[in-house]
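Chemist: Dropping a prediction and its sequence here:
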Amino acid sequence: MRKFSVVVTEKMLPSISDKLQERCHVREWDRTDPIPRELLLKWLADAEGLFCSGDVQVDDELLSCAPKLRVIVKSAVGYDNIDIEACTRRGIPVGYTPGVLVEATADLTFGLLLTVARRLHEGWDRVRAGKWENNTEIPFGIDLYGKKLGIVGMGQIGAAVAKRAQASGMIVLYTNRRRRRDEEKIQATYVKLDKLLEESDFVVVLTPLTKETRGMFGAEQFSKMKRTAYFINAAPGAIVDTDSLVQALKDGQIAYAALDVTDPEPLPPDHPLLTLPNVFITPHMGSATIETRNRMALLAVDNLLAGLEGKRLPTCVNESVNYSSETD
Ligand SMILES: NC(=O)C1=CN([C@@H]2O[C@H](COP(=O)(O)OP(=O)(O)OC[C@H]3O[C@@H](n4cnc5c(N)ncnc54)[C@H](OP(=O)(O)O)[C@@H]3O)[C@@H](O)[C@H]2O)C=CC1
Ligand SMILES: O=C(O)C(=O)CO
């Protein structure tokens, strides 16, 4: 059987490496720094499939350097680095991995909320520094029970975060562009963004990065939030205007921020966010469990092989070009 030619721009997990190599000649960028653009364009000259990471901009220029490309996949649910319209114009289906990362990302997001609400990281810092003093000196957090959580982007992960919050006795508000039909099931109240910002004790952001959501959180939005509010972001960093967030945290406009994502990513070592006492940051690890990352990678490979074989991708962003050469 003829082997397909594919480019992979991140180090492959062992769980997918054999499966891919069996069917494909793989050019793999296995380093942690991003693949140089020039090299990528060179590799793509005869590639039929691309398994790309978030640091690769898939745009018209890249696509025009890849005349044989039949499928692009990403092991992620976010695809803001890919120009979907340009792919669709060329009839190239784009695979992504929704659903399989929901519970892990919801755990991490709620974990961020719990960590800052109860100052877990500050407690650990004190223990490590040998400051296990009397009870009044330890950092006091705040209760979750009875507090309002506002979720901006109540999709699959948002709903899974809501469930965790409700188990802790929180009241859940949410906003989306469209009100959900299953409000009874998710037990959350739909409100406009402004009302959510004004009323919530915790604001969690879980929207995709789009033209509409880029910079959605700036000075105006932080000024509408309670001065005691906690801001938690697990959605792409560019949804937040970082300078405005720094200012809001410095001025006490909001109480605390917990971020799994930043803009830029990673932050330079001298970035002001890293110097503030009321911030907690993790390095974009929402989906990073062994089971979830393996599920994501395997689904990405299923998408890739389906596209190469002229079959429908199991999970495709641009359905209008997701067809099977055998039946459609
Ligand atoms: N930190 C991490 O490691 C990870 C982060 N993520 C991030 O989480 C995000 C959510 O994933 P998932 O829940 O699976 O996606 P879904 O598509 O299920 O949910 C996205 C939600 O955002 C809402 N939304 C979209 N645009 C807007 C807008 N302009 N204003 C308000 N709400 C909006 C959508 O509702 P509607 O269409 O009605 O507006 C939808 O409810 C991803 O886009 C990804 O970036 C995902 C995995 C891991
Ligand atoms: O899936 C995504 O969008 C991520 O952020 C990476 O897990």
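Modeler: Cool, the structure landed. Ligands and ions are numbered 1, 2, ... in the order given.

Chemist: Quick one: neighbours of the closest residue to ligand 1 within the stretch 51-200 of the chain, just the number.
Modeler: When scored by Cβ to the nearest ligand atom, the stretch 51-200 of the chain has residue 155 as its residue closest to ligand 1, at 1.7 Å. Glycine gets a C-beta too; all of them are placed from N, C-alpha and C. Residue 155: 17 surrounding residues under other Cβ atoms under 10 Å.

Chemist: quick one: it and ligand 2, what's the gap?
Modeler: 12 Å (Cβ to the nearest ligand atom, to the nearest Å).

Chemist: Around the residue nearest to that residue when sequence neighbours are not counted, how many other residues sit close by?
Modeler: Excluding the flanking residues, the one nearest residue 155 by Cβ to Cβ, 6 or more residues apart in numbering is residue 206, at 6.5 Å. If you count neighbours by other Cβ under 10 Å, residue 206 ends up with 25.

Chemist: Isn't residue 206 up against residue 158?
Modeler: Yes: the pair residue 206 / residue 158 is scored as a contact, 4.5 Å apart, by Cβ atoms under 8 Å.

Chemist: Show me whatever sits in contact with both of those two.
Modeler: Taking Cβ atoms under 8 Å, 6 or more residues apart in numbering as the criterion, residue 206 and residue 158 both touch residue 151.

Chemist: Name the helix or strand for residue 146, please.
Modeler: Counting by DSSP states H and E, no helix or strand carries residue 146.

Chemist: Who's the closest spatial neighbour of it, skipping the chain neighbours?
Modeler: residue 169 (6.0 Å).

Chemist: same check, this time on residue 287
Modeler: Going by Cβ to Cβ, 6+ apart, residue 287 has residue 101 as its nearest residue, at 4.0 Å.

Chemist: Can you report how many residues neighbour the residue in the stretch 151-300 of the chain that ligand 2 sits nearest to?
Modeler: Nearest residue of the stretch 151-300 of the chain to ligand 2, counting by Cβ to the nearest ligand atom: residue 287, 3.6 Å away. Using other Cβ under 10 Å, residue 287 has 24 neighbouring residues.

Chemist: wait, doesn't it sit right on residue 104?
Modeler: Yes: here residue 287 lies in contact with residue 104, judged by Cβ under 8 Å, at a distance of 5.2 Å.

Chemist: quick one: common contacting residues for the two?
Modeler: Joint contacts of residue 287 and residue 104 (Cβ under 8 Å, 6+ apart) do not exist.

Chemist: Could you list the residues in contact with the helix or strand harbouring residue 164?
Modeler: When elements are assigned from DSSP H and E, residue 164 belongs to helix 156-167. Here helix 156-167 makes contact (Cβ under 8 Å, 6+ apart) with 98-99, 101-103, 105-107, 109-110, 113, 144, 149, 151, 154, 172, 174, 186-188, 204, 206, 234.

Chemist: Need the three-state assignment for residue 262.
Modeler: Following DSSP: H, G, I helix; E, B strand; the rest coil, we place residue 262 in the coil state.

Chemist: I figured it was touching residue 281, is that so?
Modeler: Yes: Residue 262 is within contact range of residue 281, at 6.6 Å (criterion: Cβ under 8 Å).

Chemist: residues touching the residue positioned nearest the centre of the chain, list them.
Modeler: The residue lying closest to the centre of the chain (Cα atoms, centre = their mean) is residue 235, at 4.7 Å. By Cβ under 8 Å, 6+ apart, residue 235 lies in contact with 78, 153, 205-209, 213, 261.

Chemist: need the residues of this protein near ligand 1, please.
Modeler: 77-78, 98, 101, 105, 152-158, 175-178, 206-208, 210, 212-213, 234-236, 260-261, 284, 286-287 (Cβ under 6 Å from any ligand atom).

Chemist: Filter those down to the buried ones.
Modeler: 77-78, 98, 101, 105, 152-158, 175, 206-207, 213, 234-236, 260-261, 284, 286-287 (16 or more other Cβ atoms under 10 Å).

Chemist: Strands - which of these land there?
Modeler: Mapping these onto strands (DSSP state E) picks out 152, 175.

Chemist: What residues does the residue lying closest to residue 265 once chain neighbours are set aside make contact with?
Modeler: Of all residues not flanking residue 265 in the chain, residue 237 sits nearest, at 5.5 Å (Cβ to Cβ, 6+ apart). By Cβ under 8 Å, 6+ apart, the residues touching residue 237 are 259, 261-265.

Chemist: how about the residue of the stretch 151-300 of the chain closest to ligand 2, what does it touch?
Modeler: Residues near residue 287 by Cβ under 8 Å, 6+ apart: 76, 101, 104-105, 108, 293, 296.

Chemist: go on, residue 28?
Modeler: 7-8, 11-12.

Chemist: again, only this time at 7 Å
Modeler: Contact partners of residue 28, counting by Cβ atoms under 7 Å, 6 or more residues apart in numbering, are 8, 12.

Chemist: beta partners of it?
Modeler: For residue 28, the beta-bridge partners under DSSP bridges are residue 8.

Chemist: how close does it get to residue 294?
Modeler: 17 Å (Cβ to Cβ, to the nearest Å).
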